[in-house]
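Student: using only what follows, build the 3D model:
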Amino acid sequence: MLNILLSAAIWDYIVGDPKSWIHPVQLMGWVIQLFSELIIKTTANKWLRRLAGVVLGLVVILGSSLVVWLIIFGAKIIAPWLAQVMAIILLASCFAGKSLRVAAESVLDTLEKADIVEARSQLSRYVGRDTENLSETEILRAILETVAENAVDGVTAPLFYAIVGLFIPAIGSVPLALGYKAASTLDSMIGYLREPYTDIGWFSAKLEDYLTWIPCRLTVLTLALISGKPGQVLAICRRDAMIDPSPNSGWSECVYAAILGVQLGGINTYKGVVKEKPLLGNCNRPITKETIDQALRLTRYCILVWLLIAVGSS
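Tutor: Presented below is the predicted three-dimensional model:
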């Protein structure tokens, strides 16, 4: 299974997610949207909605893991090589390393051409905040915050569960990683503290927080060690990350801010509503293209360290 994990990591770095292919997350998204809308239309009672949200979350997560396990098992009956190819492609789809890199670089390239209107438009595809009036400085902060936050739930957390799967052969890396991806997709689609998702999405939001907690802390520790100044980085994280209302994104953003010597957080606008996020890190230098390039490299180094540990442990 180790060769499948390494091949999937290489696939994600080089190929990423081909646009012409249907991504597993798209299928999960269709199911989540269909049944969440059905629950909203047919269930008005608060507690029934909560129960329905639990059932929806468990069905999507366990169902995704089971389906992918059956796909690989069925492919193995046909031909062992086919099962390996399917496993590599499916596991690579759990990692968003190249997708995150391409998204950041596409906005940065547009900014370098001094086309701020197009940069705002491109950024709006990747972030939830309003982008119409963002300055170049705010666009750069938004890119870095996206890179830092999604490094965990989009890259290192799925990798963590894939590595755990190496030691549980009966389940395997791919079903575990896909199960986490399903939990993350549920959280991003219905895990909101606003209606009509308050009751439907509470279970998915909490579960994703718990599932991400360990890989997030391991990512912070790994990046702090890679930086060569772990004491200083962790001190800033302990000071600032706990202020953030999210139990995980505050830590993932803060560790990048601390290593790079920049400050993240501040005022953002979401659908016209102004929200102020806690400030993370020290404003020792401005955020630039080079800063974001450094952040992307840090993520790659973290992946390499974890893969080396997986190789050494197998």
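
Student: any idea how far the helix or strand hosting S188 is from the middle of the chain?
Tutor: In this structure, S188 sits in helix 173-190 according to DSSP states H and E. Distance of helix 173-190 from its chain centroid, counting by C-alpha atoms, centre = their mean, to the nearest Å, is 10 Å.

Student: who are the packing partners of that helix?
Tutor: For helix 173-190, the packing partners by 3 or more C-beta pairs under 8 Å, 6 or more residues apart in numbering; DSSP states H and E come out as helix 2-14, helix 24-42, helix 46-78, helix 80-92, helix 157-166, helix 202-227. Every C-beta, even on glycine, is put in place using the N, C-alpha and C of the backbone.

Student: closest to S135 out of the ones you listed?
Tutor: Comparison of the helices and strands packed on helix 173-190 against S135 by C-beta to C-beta identifies helix 202-227 as nearest, at 28.2 Å.

Student: got the contact list for the closest residue to L90 other than its chain neighbours?
Tutor: Among residues not flanking L90 along the chain, V174 sits closest, at 5.2 Å (C-beta to C-beta, 6 or more residues apart in numbering). Taking C-beta atoms under 8 Å, 6 or more residues apart in numbering, we find V174 in contact with 4, 68-69, 72, 87, 90-91, 94, 162, 165.

Student: quick revisit: tell me the most buried of the helices and strands packed on helix 173-190?
Tutor: Counting by mean count of other C-beta atoms under 10 Å, helix 157-166 has the highest mean neighbour count of those, with a mean of 24.

Student: and the pLDDT for the residue nearest to L90?
Tutor: We note a pLDDT of 94 for V174 in this prediction.

Student: next, give phi and psi for A170.
Tutor: Recorded main-chain torsions at A170 are phi -60, psi -30, according to degrees, to the nearest 10.

Student: how many neighbours does it have?
Tutor: 7 (other C-beta atoms under 10 Å).

Student: do you know the pLDDT at it?
Tutor: The score at A170 is 88. That number is its pLDDT.

Student: same deal with C302?
Tutor: At C302, pLDDT is 96.

Student: what sits up against the helix or strand in which it is found?
Tutor: Applying DSSP H and E as the criterion places C302 in helix 289-313. Contacts with helix 289-313, where a contact means C-beta under 8 Å, 6+ apart, come from 2, 5-6, 9, 13, 97, 100-101, 104, 108, 111-112, 140, 143-144, 147-148, 151, 155-156, 159-160, 163, 166, 219, 222-223, 226-227, 256, 259-260, 262, 285.

Student: how far off centre is it?
Tutor: Relative to the chain's own centre, helix 289-313 is displaced by 15 Å; criterion: C-alpha atoms, centre = their mean.

Student: quick one, that helix and helix 202-227 angle?
Tutor: If you take axes from the mean of the first three to the mean of the last three C-alpha atoms, to 10 degrees, helix 289-313 sits at 90 degrees to helix 202-227.

Student: G265 contacts N282, doesn't it?
Tutor: No. With contact defined as C-beta atoms under 8 Å, G265 and N282 do not form a contacting pair (11.9 Å).

Student: neighbour count for the two, which is higher?
Tutor: Neighbour count, other C-beta under 10 Å: between G265 and N282, G265 has more, with 20 against 15.

Student: the host helix or strand of the more buried one pairs with which strands, and in what direction?
Tutor: The secondary structure element spanning G265 is strand 264-270 (assigned by DSSP H and E). Looking at strand 264-270 with DSSP bridges, its partner strands are strand 273-280 (antiparallel).

Student: only alpha carbons, please: show the partner strand as PDB.
Tutor: Output in PDB follows, covering the C-alpha atoms of strand 273-280 (Å, rounded to 0.1, in the frame of the first residue of the first chain):
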ATOM      1  CA  VAL A 273     -21.600  41.600   6.200                       C
ATOM      2  CA  VAL A 274     -18.400  42.900   7.700                       C
ATOM      3  CA  LYS A 275     -16.600  40.400  10.000                       C
ATOM      4  CA  GLU A 276     -13.400  41.000  11.900                       C
ATOM      5  CA  LYS A 277     -11.200  38.000  12.400                       C
ATOM      6  CA  PRO A 278      -8.400  37.800  15.100                       C
ATOM      7  CA  LEU A 279      -5.000  39.000  14.100                       C
ATOM      8  CA  LEU A 280      -2.500  36.100  13.700                       C
END
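
Student: this completes my enquiry, with thanks.
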